[in-house]
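1. okay, here's the prediction I keep looking at, along with the sequence it came from:
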Amino acid sequence: MKLLRVGNKGQEKVAVLDSTNQIRDLSSHIQNLNPDTLNESTLDKLSKVDLSKLKEIDAKLELEVVYLIQ
């Protein structure tokens, strides 16, 4: 799972790169990626989200890869 922050600086949304390399909006499930919100429990919950049902985000937005789970 590749977790991302996308958007203009200071207005980023949390997103995920799905298995088809589409960027999906994950902000309805997690508001920020930091040590307080990114933990084993949160990662377990996120792994159960059906990514195909999340809104796609335009790939032209600025991306920052924050966390990679193999």
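-> Perfect, I can see it now. A quick note: this is a predicted structure, and the numbers were derived from the prediction, not measured.
2. for the rest of this, base every contact and every neighbour count on C-alpha atoms.
-> Fine.
3. touching, Asn32 and Gln11? I think so.
-> No: in this structure Asn32 lies outside contact range of Gln11 using C-alpha atoms under 8 Å: 11.0 Å.
4. the more surrounded of the two?
-> Neighbour totals were compared for Asn32 and Gln11, and Asn32 leads with 17 against 8 (other C-alpha atoms under 10 Å).
5. how near is the more buried one to Thr42?
-> Separation of Asn32 from Thr42 (C-alpha to C-alpha, to the nearest Å): 11 Å.
6. next: Val6.
-> Taken as C-alpha to C-alpha, the span from Val6 to Thr42 is 19 Å.
7. which one of these two is surrounded by more residues?
-> Between Val6 and Thr42, Val6 has the larger neighbour count (other C-alpha under 10 Å), namely 24 against 13.
8. distance-wise, check that one relative to Ser41.
-> Using C-alpha to C-alpha, one obtains 23 Å as the distance from Val6 to Ser41.
9. same check on Gln11?
-> 25 Å.
10. cool, Glu56 as well?
-> From Glu56 to Ser41 the distance is 25 Å (C-alpha to C-alpha).
11. then Pro35?
-> 12 Å.
12. confidence score at the residue sitting nearest the centre point of the chain?
-> In the chain, the residue lying closest to the centroid (C-alpha atoms, centre = their mean) is Ala15, at 2.4 Å. Per-residue pLDDT puts Ala15 at 91.
13. give me the contact list for whichever helix or strand it is part of.
-> Element membership of Ala15, judged by DSSP states H and E, is strand 13-17. Applying C-alpha atoms under 8 Å, 6 or more residues apart in numbering, the external contacts of strand 13-17 come out as 1-7, 23-27, 30-33.
14. Glu56 and Ser41 - which one has more neighbours?
-> Legend: neighbour count by other C-alpha under 10 Å for Glu56 and Ser41, higher for Glu56 (17 against 9).
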